[in-house]
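**Student:** Have a look at this prediction, sequence included:
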Amino acid sequence: MDTKVWRAVGKYRKNKRTFTFTKEMIALKESHVRERIFSDLGSRHRVMRRNIEISEVIEIKPEEVASLELRTILGVESAIG
């Protein structure tokens with residue numbers, strides 16, 4: 001199986017406020033990305049799954065990644081410089 005790069009966009013509610021998020025990650029398929037977002041937001045921000053709304057999950061090319069850490073892992077950008 002070949003891993004792919006994904007970008008997920010959505011929002012979550014906490015304490016009567018709405019926050020938006022964009023996350024990029026490496027996964028095998030879309031369902032893995034959704035599960036990881038629920039897990040990360042739940043553990044880091046204490047948000048229940050029912051308060052998380054993922055509006056889109058799209059597969060992107062490695063060159064389109066904005067995260068410097070992920071670009072380094074993918075080999076698109078060198079860590080030195």
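**Tutor:** That came in fine, so what should we check first?
**Student:** in the helix or strand containing residue 42, what's buried?
**Tutor:** Here residue 42, judged by DSSP states H and E, is contained in helix 30-45. Within helix 30-45, the residues scored as buried using 16 or more other C-beta atoms under 10 Å are 32, 33, 34, 37, 38, 41. C-beta here means a position set from N, CA and C on the backbone, and glycine is covered the same way.
**Student:** and if you look at stretch 66-81?
**Tutor:** For stretch 66-81, burial by neighbour count (16+ other C-beta under 10 Å) applies to 70, 71, 74, 77.
**Student:** Among those, which lie within helices?
**Tutor:** For the buried residues of stretch 66-81, the ones inside helices are 70, 71, 74, with DSSP state H as the criterion.
**Student:** Please name the nearest non-neighbouring residue to the second one.
**Tutor:** To tie it back to what came earlier, the one meant is residue 71. residue 77 (4.2 Å; C-beta to C-beta, 6 or more residues apart in numbering).
**Student:** that older thread, could you save the buried residues of helix 30-45 as TSV and add columns showing pLDDT?
**Tutor:** Below are those laid out as TSV (pLDDT from 0 to 100):
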residue	pLDDT
32	97
33	97
34	97
37	97
38	97
41	96
